[in-house]
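Visitor: with the input below, show me the fold.
(one chain, ligands or ions: 1)
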Amino acid sequence: MSASPLIARTVPTLRRAIDNLRKRKATIALVPTMGALHDGHVSLVRLAKRRATRVVVSIFVNPTQFAPTEDFGAYPRTWKADIARLVAEEVDIVWHPGVAAMYPEGFATRIVPEGPALAGLEDRFRPHFFGGVATVVGKLFTQCRPDVAIFGEKDFQQLRVVMQMARDLDLGVKVIGSRTVRERDGLAMSSRNVYLSPEERQTATVLYRAMKESAARIRAGDSIAPAMGGGAEMIKAAGLALDYYEVRHAETLAPVTSRKDGPLRILVAARLGTTRLIDNIAV
Ligand code: PAF
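Guide: Residues are numbered from 1 along each chain as shown. This next block holds a predicted model:
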């Protein structure tokens, strides 16, 4: 049986635990999450274990990255199952603050990211999102003082925003992206997949198929416009409402016009019923 992680719910408790690890010359990897853990999160934890001697997983459903119309209240909260997974993975610390510990009365400071946060992708549809993410991740980094932090590539724009922020603010944390984990039929694992009905769950697989087809066409020398147009049509024909379906420079997220414009990434966001899905792949 594995040892249980220390569960810290206040900043002083967390600080003491981190100080103790530091005194013992540990290196620390942080895996920030909002809970509702699935195999994708487990793969982040496993990568964290390879990159540091101790692993901290944060579980905090961050209210500031949800608009009032979004699913903050409905976001799945599966604490017992999450802890069971983290015990099995032999995580050292679970940082699980309440909202009042993270944003105490009178809290009045916000990080406003630019660059990749204004790429015209997620930010166009969720203008509040990256400010909320950058602020909470900035806090998580100063609270946990990790050497490395692991983020899933599934939220690709988020990963680029956090990398930029760590560099711009000299946060001293190496931000590492981890490959998206997919179901057998290609659907990217996401805590929000539980919102899908069985029929929608089947339909959702079109996102990965469309991106693979567009990527294959671009690699084979097709121009970007028809290759991307074909993928977008597939998604719409399956009944999803597209927010965006774009190919961008994989590092800057700047628009591209040709395959030669650099390493490319296809990014998609689409709504299926009441569920909003995002995904991306390398070309
Ligand atoms: O990707 C997520 O789960 C969240 O956006 C994060 C990085 C934990 C910040 O709340």
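
Visitor: could you list every helix and strand in contact with the biggest helix by length in the chain?
Guide: Counting by DSSP state H, the longest helix found in the chain is helix 129-144. Packing partners of helix 129-144 (3 or more C-beta pairs under 8 Å, 6 or more residues apart in numbering; DSSP states H and E): helix 11-23, strand 28-33, strand 54-59, strand 93-95, helix 122-125, strand 148-152, helix 156-168. In this view, the C-beta of every residue, glycine as well, is placed from N, C-alpha and C.

Visitor: out of these, which comes closest to the ligand?
Guide: The ligand lies closest to strand 28-33 among the helices and strands packed on helix 129-144, at 3.9 Å (C-beta to the nearest ligand atom).

Visitor: paired strands for that closest one, with orientation please.
Guide: Note on strand 28-33: by DSSP bridges, its sheet partners are strand 54-59 (parallel), strand 148-152 (parallel).

Visitor: hmm, back to that, buried stuff in the longest helix of the chain?
Guide: Using 16 or more other C-beta atoms under 10 Å as the test for burial, helix 129-144 gives 129-141, 143-144.

Visitor: ok, now which ones touch the closest residue to D185 other than its chain neighbours?
Guide: Closest residue to D185 apart from its sequence neighbours, by C-beta to C-beta, 6 or more residues apart in numbering: T205 at 4.8 Å. Neighbouring residues of T205 by C-beta atoms under 8 Å, 6 or more residues apart in numbering: D185, G186, L187.

Visitor: picking up where we left off before, any chance of the strands paired with strand 28-33 in CSV with mean neighbour count, mean pLDDT and distance to the ligand as columns?
Guide: Listed next are the strands paired with strand 28-33 as CSV, based on neighbours: other C-beta atoms under 10 Å; pLDDT from 0 to 100; distance: least, C-beta to the nearest ligand atom, whole Å:
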stretch, mean neighbour count, mean pLDDT, distance to the ligand
strand 54-59, 26, 98, 7
strand 148-152, 24, 98, 6
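
Visitor: okay, now the residue lying closest to L30 once chain neighbours are set aside: neighbour count?
Guide: What sits nearest to L30 in space, not counting adjacent residues and going by C-beta to C-beta, 6+ apart, is P146, at 3.7 Å. P146 has 28 neighbours, counted by other C-beta atoms under 10 Å.

Visitor: do G35 as well
Guide: Number of residues near G35 (other C-beta under 10 Å) recorded here: 21.

Visitor: per-residue confidence for the one residue in the stretch 51-200 of the chain that gets nearest to the ligand?
Guide: Nearest to the ligand, among the residues of the stretch 51-200 of the chain, is N62, at 3.9 Å (C-beta to the nearest ligand atom). Looking at N62, its pLDDT is 98.

Visitor: can you tell if the longest helix of the chain touches the ligand?
Guide: Yes - Helix 129-144 is in contact with the ligand by C-beta under 6 Å from any ligand atom, via V133, V136, V137.

Visitor: which residues touch the second one?
Guide: If I follow you right, that is V136. Taking C-beta under 8 Å, 6+ apart as the contact definition, V136 lies against P32, F60, N62, T64, Q65, M102.

Visitor: out of these, which is most surrounded?
Guide: Neighbour max across the contacts of V136 (other C-beta under 10 Å) = P32, 23 neighbours.

Visitor: for it, list each beta-bridge partner.
Guide: Judged by DSSP bridges, the bridge partners of P32 are S58.

Visitor: wait, it touches A149, no?
Guide: Yes - if you go by C-beta atoms under 8 Å, P32 and A149 touch, sitting 6.7 Å apart.

Visitor: what sits in contact with each of the two?
Guide: Common contacts of P32 and A149 (C-beta under 8 Å, 6+ apart): V137, L140.

Visitor: and the helix or strand containing I218, what does it pack against?
Guide: Using DSSP states H and E, I218 sits within helix 206-219. Counting contacts by 3+ C-beta pairs under 8 Å, 6+ apart, helix 206-219 packs against helix 224-237, strand 241-249, strand 264-272, strand 275-282.

Visitor: who does the first one touch, helix- and strand-wise?
Guide: Spelled out, it's helix 224-237. helix 206-219, strand 241-249, strand 264-272.

Visitor: interface residues of this protein facing the ligand?
Guide: Counting by C-beta under 6 Å from any ligand atom, the residues of the chain close to the ligand are P32, T33, M34, N62, Q65, V133, V136, V137, D155, Q158.
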